[in-house]
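Student: Following is a predicted model, sequence given first.
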Amino acid sequence: MRYQLELFFTALGFFTRIPVPAWVPWSAERMNHAARYFALVGWVVGAVGALGYLALAWLLPPAVAVILSMALTIRLTGAFHEDGFADSCDGLGGGWDKAQVLAIMKDSRIGSYGTIGMVLMLLAKAAALVELAEPAALASLAGSAASVLPADPMSPGVDVALALLVAHPLSRLAATVVMHHLPYVRADDSAKSAAVARPLAPAELALAAACGLLPLLLLPPASALGALLAAAAVTVWTARLFRRQLGGYTGDLLRATPQG
């Protein structure tokens with residue numbers, strides 16, 4: 001159990017800016033096995049975003065609370081996934097062949113595709129969450145929320161909180177599945193993402209799936225099924241795109257996947 005806890009803290013330190021206890025050892029091997037807890041890290045990030053929104057929604061308009069909640073999770077992860085999304089947009093949008101795509105994604109500068117892609121992605125995410133904050137959407141989830149959260153079911157933002165609690169783990173599970181099924185295509189093993197670039201063992205994949213899928217129990221069955229099918233469709237489409245363009249994935253593509 002201590003080893004598993006150390007692996008979780010290793011993943012938490014890698015995928016977020018949350019300080020980990022000093023007693024947690026680090027090694028390339030431990031980092032390699034910590035990928036099983038990528039979705040569990042989503043529990044932490046989702047909880048911070050959900051609690052932040054619930055607190056802010058009592059004081060501020062929904063749109064402002066959504067934006068500040070997004071800023072909170074971006075700060076928590078160090079824009080880890082947003083940066084990967086921008087690099088992926090630049091590479092896939094501006095590259096003509098595999099070598100050019102890889103070279104563009106390695107460039108630390110952001111181009112037109114990256115800028116436009118990241119702005120549109122953040123706007124779409126904010127618009128979706130603001131839409132969930134509308135009274136009609138709130139009423140549709142009030143029944144399930146009342147049985148899960150200790151707050152008044154008609155309190156502002158319960159549905160947004162549920163969406164964040166489910167989306168963060170589920171989207172990170174999608175990235176884990178991509179990593180499991182596709183090869184890592186960069187030859188430079190010194191890249192940071194090479195530390196976790198490997199297929200998971202069956203037990204590791206089962207644990208990752210449990211961490212990513214359990215939050216779906218927070219939703220009504222129909223909503224949970226819809227979220228699962230949507231995540232599965234995006235994951236399959238993403239994996240096919242990566243395979244067609246590059247024959248596998250890079251660290252940037254893997255970091256971008258949860259933003260899909």
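Tutor: Now that the structure is in, tell me what you want to look at. All values reported here derive from a predicted model rather than from experimental measurement. Numbers count the residues shown, from 1 in each chain.
Student: Mind giving me the packing neighbours of the longest helix anywhere in the chain?
Tutor: In the chain, taking DSSP state H as the definition, the longest helix is helix 221-246. Judged by 3 or more C-beta pairs under 8 Å, 6 or more residues apart in numbering; DSSP states H and E, helix 221-246 is in contact with helix 98-106, helix 158-181. Where you see a C-beta, it was placed from the backbone N, CA and C, and this is true even at glycine.
Student: same thing but 6 Å
Tutor: Helix 221-246 sits against helix 158-181, with contacts defined as 3 or more C-beta pairs under 6 Å, 6 or more residues apart in numbering; DSSP states H and E.
Student: Just the buried positions in the helix it packs on, please.
Tutor: The neighbour-count check on helix 158-181 (16 or more other C-beta atoms under 10 Å) flags 158-181 as buried.
Student: again with stretch 65-77
Tutor: Residues of stretch 65-77 classed as buried: Ala65, Val66, Ile67, Leu68, Ser69, Met70, Leu72, Thr73, Ile74, Leu76, Thr77 (neighbour count, 16+ other C-beta under 10 Å).
Student: again with stretch 211-220
Tutor: For stretch 211-220, by 16+ other C-beta under 10 Å, it's Cys211, Gly212, Leu213, Pro215, Leu216, Leu218, Leu219.
Student: Then stretch 3-14?
Tutor: Glu6, Leu7, Phe8, Phe9, Thr10, Ala11, Leu12, Gly13, Phe14.
Student: same deal with stretch 230-243?
Tutor: Applying 16+ other C-beta under 10 Å to stretch 230-243 flags Ala231, Thr235, Thr238, Ala239, Phe242, Arg243 as buried.
Student: any residues touching that stretch, and which ones?
Tutor: Stretch 230-243 is contacted from outside by Leu170, Ala174, Val177, Val178, Leu182, Tyr249, Leu253, Thr257, Gly260, using C-beta atoms under 6 Å, 6 or more residues apart in numbering.
Student: neighbours around Leu102, how many?
Tutor: For Leu102, the neighbour count with other C-beta atoms under 10 Å is 18.
Student: follow-up on the earlier one: can the contacts of stretch 230-243 go into JSON lines with extra columns for distance to Met121 and pLDDT?
Tutor: Shown next, in JSON lines, are the contacts of stretch 230-243 (distance: C-beta to C-beta, whole Å; pLDDT from 0 to 100):
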{"residue": "Leu170", "distance to Met121": "17", "pLDDT": "96"}
{"residue": "Ala174", "distance to Met121": "15", "pLDDT": "95"}
{"residue": "Val177", "distance to Met121": "20", "pLDDT": "95"}
{"residue": "Val178", "distance to Met121": "17", "pLDDT": "94"}
{"residue": "Leu182", "distance to Met121": "22", "pLDDT": "93"}
{"residue": "Tyr249", "distance to Met121": "18", "pLDDT": "93"}
{"residue": "Leu253", "distance to Met121": "14", "pLDDT": "93"}
{"residue": "Thr257", "distance to Met121": "12", "pLDDT": "93"}
{"residue": "Gly260", "distance to Met121": "9", "pLDDT": "58"}
